[in-house]
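Colleague: Pasting a predicted model and its sequence here:
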Amino acid sequence: MNILFLCLGTRGDVQPYVAIGKTAKEFGHKVTICTGRSFENFVRINGLEFTECSLDLLAILQTPEGKQVFEDGMKHPVKAMQYARKVINPLYRKAMTEFYEACQTNDVIIYHPKAFGAVDIAEKLGILCISMPPVPIIYPITEFPNLAISTKNLGGTINKLTYQLTNSGAESNNIKDINEFREKVLHLGRRKSGEYMIKRNGYPLPIIYPISPSLFTDIKEFREKVYLSGFPVLEDGGTLDEETEEFLKYGKQPIIVTFSSMPLKDSQSFMKKVVASLSESGNRGIIITGNSGIKMSSSESLMIKEFLPHDAVFKRAKGILHHGGVGTMAAALRSGRPQVIMPFNVDQPFWAKRLYNLGYSLKPLKESDSEKEFVNRFIAMDNKDIILQSEKIAAIINQEKANEKAVGYIEQQYREWYKHNE
């Protein structure tokens, strides 16, 4: 097969596609990743073909205007809409044409829901198209509502309705451009917003959630309608620099603190609290600053790093405090170390609540919580029952062979598609 992955977003959005794509290449398939230029080197060093998409969301997120809109858009709705009309929407229009050009010689499209036009292109070319959202946000289920709307159970009927509402609204700001693309480029008729989120011309659209089925054994609809492959893993978990290795070797295991690009309201005040909590609980720490705005210096018991590979460093930790992004959470689960989530937005509150309810993480924290609360969580990371639970779920997840299962599902869908469309 010639497989094309269409993916837009941050590293957490793109990495699952690269991980699965790398395994697909090992299985003998040709794999191309179409995404923003920020990820070109990342894609190529993993041995995959790269095609550039002008809509580089990571680059946009690193601009002052992009940060304000994407990180604080709810407080500035007018600015957010103006920025979308001026910057984002024109790039989406261009991206759809770039996606179409990239798809010409491929047999299968696997896409992130942010990649508007993917199913429309597949319809035009008559090829297989598979949706792969990084979190469980597409298929309507009764057990819990769409995580973009609420983390509270609203009852089966309303829970299911929330997915229908978000699916119909997902393309609403861009449906005019999508239909213009359909008419002028693809020469197809117009369609409604959200019409192709879970169906294609009335037939179910294959959906992969690249998440562990062990976290959703209670969801009947997932077993019947959606394929849960497990969390994809890049074989090379990364290596640690000499300074970090030295810090880890000479002293007890540290607690890792990482919030990726999540913006703290008062980073300096908050980090004083975290450092004091580490000291009060008798712990060393490694703080990975990322793009969070944290400015600190290392000390004898505290190491500050802008970036460290999560899979490599988490397994050397005593425990992990993180924001709850799906990629970071998956790495924490794989490590077998106790974790506590301090969620910010999007899917993070969902994961914080679900892992806590399942017994796989400590009670979630908030940035505003007292030093005592942080001390209590750090001390709890020594609890034998909590350690045992962390090791238990790690053993399950590390045996799932997620990459291979995802590729196997893609191959199965490919065989079935062409059997019925010869």
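Modeller: Arrived safely, thanks for sending. Computed from a prediction, not measured in an experiment: that's the story for all the values here. Residues are numbered from 1 along each chain as shown.
Colleague: All the strands of the stretch 251-400 of the chain, residue numbers only.
Modeller: Using DSSP state E, counting those that start in this stretch, the strands of the stretch 251-400 of the chain run over 255-258, 285-288, 302-305, 319-322, 339-341.
Colleague: What helices and strands are in contact with the third one?
Modeller: It refers to strand 302-305. helix 242-249, strand 285-288 (3 or more C-beta pairs under 8 Å, 6 or more residues apart in numbering; DSSP states H and E). Placement of C-beta: from N, CA and C, glycine included.
Colleague: Next: the first one.
Modeller: For strand 255-258, the contact count by 3+ C-beta pairs under 8 Å, 6+ apart identifies strand 285-288, helix 310-314, strand 319-322 as packing neighbours.
Colleague: ok, now the second one?
Modeller: Other helices and strands packing on strand 285-288, by 3+ C-beta pairs under 8 Å, 6+ apart, are strand 255-258, helix 267-280, strand 302-305.
Colleague: Swap in 7 Å and give it another go.
Modeller: Under the contact criterion of 3 or more C-beta pairs under 7 Å, 6 or more residues apart in numbering; DSSP states H and E, the helices and strands touching strand 285-288 comprise strand 255-258, strand 302-305.
Colleague: Could you spell out the sheet neighbours of the first one, each with its direction?
Modeller: With DSSP bridges as the criterion, the sheet partners recorded for strand 255-258 are strand 285-288 (parallel), strand 319-322 (parallel).
Colleague: what comes up buried for stretch 139-154?
Modeller: 139-141, 144-149, 151 (16 or more other C-beta atoms under 10 Å).
Colleague: nope, stretch 403-411 is what I was after
Modeller: Buried residues in stretch 403-411, counting neighbours by 16+ other C-beta under 10 Å, are found at 403-407, 409-411.
Colleague: what separates that stretch from the chain centre, distance-wise?
Modeller: 19 Å (C-alpha atoms, centre = their mean, to the nearest Å).
Colleague: Residues contacting it from elsewhere in the structure, which ones?
Modeller: For stretch 403-411, contacts defined as C-beta atoms under 7 Å, 6 or more residues apart in numbering pick out 19-20, 23-24, 27, 108, 110, 130, 208, 210, 227, 229-230, 232-233.
Colleague: just stretch 160-167 next, same as before
Modeller: Residues outside stretch 160-167 that contact it (C-beta under 7 Å, 6+ apart) are 138-142, 145-146, 148-149, 194, 197-198.
Colleague: just to revisit the earlier point, between the contacts of stretch 403-411, which sits nearest E52?
Modeller: Nearest to E52 among those: I110, at 17.9 Å, using C-beta to C-beta.
Colleague: on that earlier part again, and the helices and strands packed on strand 302-305: which comes nearest M81?
Modeller: M81 lies closest to strand 285-288 among the helices and strands packed on strand 302-305, at 33.6 Å (C-beta to C-beta).
Colleague: How far off centre is the closest one?
Modeller: The answer for strand 285-288 is 22 Å, by C-alpha atoms, centre = their mean.
Colleague: try stretch 330-339
Modeller: In this view, stretch 330-339 has its centroid 16 Å away from the chain centroid, taken as C-alpha atoms, centre = their mean.
Colleague: how about stretch 381-393: buried residues?
Modeller: Buried residues in stretch 381-393, counted by 16+ other C-beta under 10 Å: 381, 386-387, 389-390, 393.
Colleague: okay if I get these as JSON lines plus pLDDT and distance to K220?
Modeller: What follows is the buried residues of stretch 381-393, written out as JSON lines (pLDDT from 0 to 100; distance: C-beta to C-beta, whole Å):
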{"residue": "M381", "pLDDT": "98", "distance to K220": "34"}
{"residue": "I386", "pLDDT": "97", "distance to K220": "30"}
{"residue": "I387", "pLDDT": "98", "distance to K220": "32"}
{"residue": "Q389", "pLDDT": "97", "distance to K220": "25"}
{"residue": "S390", "pLDDT": "98", "distance to K220": "27"}
{"residue": "I393", "pLDDT": "98", "distance to K220": "21"}
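Colleague: among the residues you listed, which two are most distant?
Modeller: Within the buried residues of stretch 381-393, M381 and I393 form the most distant pair, 15.2 Å apart (C-beta to C-beta).
Colleague: circling back to that earlier point, would you mind giving the strands paired with strand 255-258 as CSV with mean neighbour count and mean pLDDT added?
Modeller: Converted to CSV, the strands paired with strand 255-258 look like this (neighbours: other C-beta atoms under 10 Å; pLDDT from 0 to 100):
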stretch, mean neighbour count, mean pLDDT
strand 285-288, 23, 96
strand 319-322, 27, 98
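Colleague: Could I get those in JSON lines, plus columns for distance to F50?
Modeller: Formatted as JSON lines, these follow (distance: least, C-beta to C-beta, whole Å):
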{"stretch": "strand 285-288", "distance to F50": "27"}
{"stretch": "strand 319-322", "distance to F50": "29"}
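Colleague: closest one to A330 among the ones you listed?
Modeller: Short answer: strand 319-322, nearest of these by C-beta to C-beta, at 10.9 Å.
Colleague: Now do that closest one: everything it contacts.
Modeller: With C-beta under 7 Å, 6+ apart as the test, strand 319-322 has contacts from 255-259, 314, 328, 332, 337-342, 381.
Colleague: If we use 6 Å, what do you get?
Modeller: The contact list for strand 319-322 (C-beta atoms under 6 Å, 6 or more residues apart in numbering) reads 255-258, 314, 328, 332, 337-340, 381.
Colleague: quick check, nearest of the contacts of stretch 160-167 to S267?
Modeller: Distances from S267 to the contacts of stretch 160-167, taken by C-beta to C-beta, are shortest for A148, at 26.1 Å.
Colleague: Which of the helices or strands spans the residue lying closest to the closest one once chain neighbours are set aside?
Modeller: Leaving aside its sequence neighbours, A148 sits nearest to T166 (C-beta to C-beta, 6 or more residues apart in numbering; 5.6 Å). Using DSSP states H and E, T166 falls within helix 156-169.
Colleague: So which elements touch the next helix-or-strand element following that helix?
Modeller: With elements assigned by DSSP H and E, the helix or strand that comes after helix 156-169 is helix 175-181. Using 3 or more C-beta pairs under 6 Å, 6 or more residues apart in numbering; DSSP states H and E, no helix or strand is in contact with helix 175-181.
Colleague: what sits up against whatever helix or strand comes next after helix 175-181?
Modeller: Per DSSP H and E, helix 175-181 leads on to strand 199-200 as the next helix or strand towards the C-terminus. Here strand 199-200 makes contact (C-beta under 6 Å, 6+ apart) with 119, 205.
Colleague: Thank you kindly, that will do.
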